[in-house]
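Undergrad: using only what follows, build the 3D model:
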Amino acid sequence: MSPKAESADTVFAFPYDWRQPLEMTAQKLGDFIQEVADRTKLLAHYHKAGYADDPKVNLIGHSMGGLIIAEYLIQTGGKHDD
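TA: Got it, this is the predicted structure:
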């Protein structure tokens, strides 16, 4: 957690339906990541820090969530176009 409220780290949960194909869910994760990056660019402290110049996210998953992340990274070669 950031020491200042105005520069708090932002966390977004990605909801998914485990019954859907892994490949499709990974593509939806990519769309979600893009939306998160776009919204994060609008936050004042990220804007001032130059986040828009080189946007990055940290992905954390467990069990099925980890498999979704792994598939997403396979589909994108570990890179996501902004």
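
Undergrad: where does this structure have low pLDDT?
TA: Within the chain, the ranges that satisfy pLDDT under 70 run 1-8, 79-82.

Undergrad: nearest residue to the middle of it?
TA: I33 (3.6 Å; Cα atoms, centre = their mean).

Undergrad: am I right that that one is in contact with V57?
TA: Yes: shown here, I33 and V57 form a contact pair, counting by Cβ atoms under 8 Å, at 5.7 Å. From N, CA and C alone the C-beta is placed, and that goes for glycine too.

Undergrad: from D54, how far off is G65?
TA: For G65, the distance to D54 (Cβ to Cβ, to the nearest Å) stands at 25 Å.

Undergrad: of those two, who's got more company?
TA: G65 (17 against 7; other Cβ atoms under 10 Å).

Undergrad: report the buried residues of the helix or strand encompassing the more buried one.
TA: Per DSSP states H and E: G65 is located in helix 64-76. For helix 64-76, a neighbour-count test (16 or more other Cβ atoms under 10 Å) marks 65, 68-69, 71-72 as buried.

Undergrad: and of those, the nearest to L29?
TA: Y72 (4.8 Å; Cβ to Cβ).

Undergrad: for the chain, which helix is longest?
TA: helix 22-41 (DSSP state H).

Undergrad: name the residues that touch stretch 31-41?
TA: 10, 12, 14, 46-47, 51-52, 55, 57, 59, 72, 80, 82 (Cβ atoms under 8 Å, 6 or more residues apart in numbering).

Undergrad: kindly reformat the buried residues of helix 64-76 as TSV containing distance to K41.
TA: As requested, those are arranged in TSV below (distance: Cβ to Cβ, whole Å):
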residue	distance to K41
G65	25
I68	24
I69	22
E71	26
Y72	21
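
Undergrad: from the contacts of stretch 31-41, which two are the most distant?
TA: Largest pairwise distance in these, by Cβ to Cβ, is 26.1 Å, between H47 and Y72.

Undergrad: rewinding a little: quick check: angle from the longest helix of the chain to helix 64-76?
TA: 90 degrees (axes from the mean of the first three to the mean of the last three Cα atoms, to 10 degrees).
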